[in-house]
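Chemist: need coordinates for the below:
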Amino acid sequence: GFANFVQCTNCGEVLRCHNCSVTLTYHKKEKVLKCHYCDFSLLFPDSCPNCNSTEIKEMGLGTQRLEEDIKTLFPKARVSRFDRDVVRGRYYHQKILKKLESGEIDLLIGTQMLSKGHDYPKVTLACAVLADLDLNFPDFRAAEKGFQLLVQVSGRAGRDVLLGKSIIQTFNPEHYSIKAAREHNYLKFYEREISFRERLKYPPFTRIVNIIIKGDTDHEVKAGAFESKKFLLKFQKDLGLNDLEILGPAPAILHRLRAKYRWQIILKSGEINSLHSVLKKYHEIIVKVKELKRVRVHIDVDPVNLV
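Modeler: Purely as a prediction, here's the structure:
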């Protein structure tokens, strides 16, 4: 998109998806606001739906805006974009990458999909814009994913005889993942990250289960979540699982997704058998308890993320 969100500068209203707890991304070419989770869209409004002001501004940096700025700075450069908006056809992404390989593109702007698995000897500069975004994500793997991405991005440049250079734009250059990525120091990052994981009892020192309760109304989902917590505590006590930690319930980070409300419970234990035991009992009561019959329960063992 062109901007991460749009906001009324008069009253502060931010335009959000009607189905999800996220802001709408502005796509300038189509003049529409889109949700990248459920594909809900609406036309860019002439006035604020809250106060009727016409002072609505695009906020944040999208690939479309970055492309526009780059073309202004380098008017003679051949610039192209590589993101979900343009890479929709089955072979379109291959077409763009072949142009890059053949030298028909001078500057290629893209999302994270551009950073992985591409080997082009003529690429001599790789830049990561706003590298802090991944680090601020509410997930215990945020630093790991940020480090991986920065190493992958920097690895796109200088892959043959031509020397390469990487530029990382960050507001937090002293963050340990930024510093380790800048130095390509895997061991330095690992030692800091593994210490953090051990102190907070996160994988690989424990196993995690993410339980998502979702449904049509927040009231029913919340009731199902608290009823789940009650039974989980009972099973923990009955089975004598002192190593089991139960976090929540709480609204999920994406509290509403595709018109469904979501609450979350996280289980942590150093013993996978403890998790299996309590989940087996929990699974048996899901179809029996009134509050849980009205909602859907999603159980994710060893989740990739906690969103």
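Chemist: for the residue of the chain positioned farthest from its centre, grab phi and psi.
Modeler: Within the chain, Asp238 marks the point farthest from the mean C-alpha position, 37.4 Å out by Cα atoms, centre = their mean. When quoted as degrees, to the nearest 10, the phi and psi of Asp238 stand at phi -60, psi -40.
Chemist: ok, it to Lys281 distance?
Modeler: With distances taken as Cβ to Cβ, to the nearest Å, Asp238 is found 8 Å from Lys281. No exception for glycine: its C-beta is placed from N, CA and C like everyone else's.
Chemist: equivalent analysis for Ser47, please.
Modeler: Distance from Ser47 to Lys281, by Cβ to Cβ: 55 Å.
Chemist: quick one on the thing from earlier: tell me how far the residue farthest from the centre of the chain lies from Leu244.
Modeler: With Cβ to Cβ as the criterion, Asp238 and Leu244 are 12 Å apart.
Chemist: tell me how the protein divides into domains.
Modeler: Split into domains by automatic domain parsing, the chain comes to 1-60, 63-199, 207-301.
Chemist: mean pLDDT lowest for which of those domains?
Modeler: In terms of mean pLDDT, the lowest-scoring of the domains of the chain is domain 63-199 (a mean of 85).
Chemist: where do the helices sit along this structure?
Modeler: 63-73, 92-102, 132-135, 142-154, 176-183, 186-200, 218-239, 272-286, 290-293 (DSSP state H).
Chemist: which one of the ones you listed lies nearest to Gln112?
Modeler: Nearest to Gln112 among the helices of the chain is helix 142-154 (6.2 Å), distances taken as Cβ to Cβ.
Chemist: neighbours around Phe5, how many?
Modeler: Residues near Phe5, counting by other Cβ atoms under 10 Å, number 19.
Chemist: now do Ser41
Modeler: Ser41 - counted by other Cβ under 10 Å - has 14 other residues nearby.
Chemist: for it, list each beta-bridge partner.
Modeler: Residues in a beta bridge with Ser41, per DSSP bridges, are Lys34.
Chemist: isn't it right next to Tyr26, touching?
Modeler: No. Using Cβ atoms under 8 Å, Ser41 is not in contact with Tyr26, being 10.7 Å away.
Chemist: joint contacts of these two?
Modeler: 32-33 (Cβ atoms under 8 Å, 6 or more residues apart in numbering).
Chemist: hang on, the earlier thing: same list (the domains of the chain) but as a markdown table, adding distance to Val307.
Modeler: Listed next are these as a markdown table, based on distance: least, Cβ to Cβ, whole Å:
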| stretch | distance to Val307 |
| --- | --- |
| domain 1-60 | 10 |
| domain 63-199 | 7 |
| domain 207-301 | 5 |
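Chemist: can you count the residues close to Gln236?
Modeler: By other Cβ under 10 Å, the residues close to Gln236 number 21.
Chemist: and the gap between it and Lys28?
Modeler: Distance, Gln236 to Lys28, by Cβ to Cβ: 52 Å.
Chemist: contacts for stretch 138-154?
Modeler: Stretch 138-154 is contacted by residues 112, 115-116, 126-128, 131, 134-137, 164, 166, 168, 175-178, 180-182, 184, 186, 189, 193, 196-197, 200, 202-203, 253, 305-307 when judged by Cβ under 8 Å, 6+ apart.
Chemist: hmm, 7 Å instead?
Modeler: For stretch 138-154, contacts defined as Cβ atoms under 7 Å, 6 or more residues apart in numbering pick out 112, 115-116, 126, 128, 131, 134-135, 166, 168, 177, 180-181, 184, 189, 193, 202, 253, 305-307.
Chemist: any idea how far that stretch is from the chain center?
Modeler: 11 Å (Cα atoms, centre = their mean, to the nearest Å).
Chemist: now do stretch 211-226
Modeler: Worked out by Cα atoms, centre = their mean, stretch 211-226 lies 23 Å from the chain centre.
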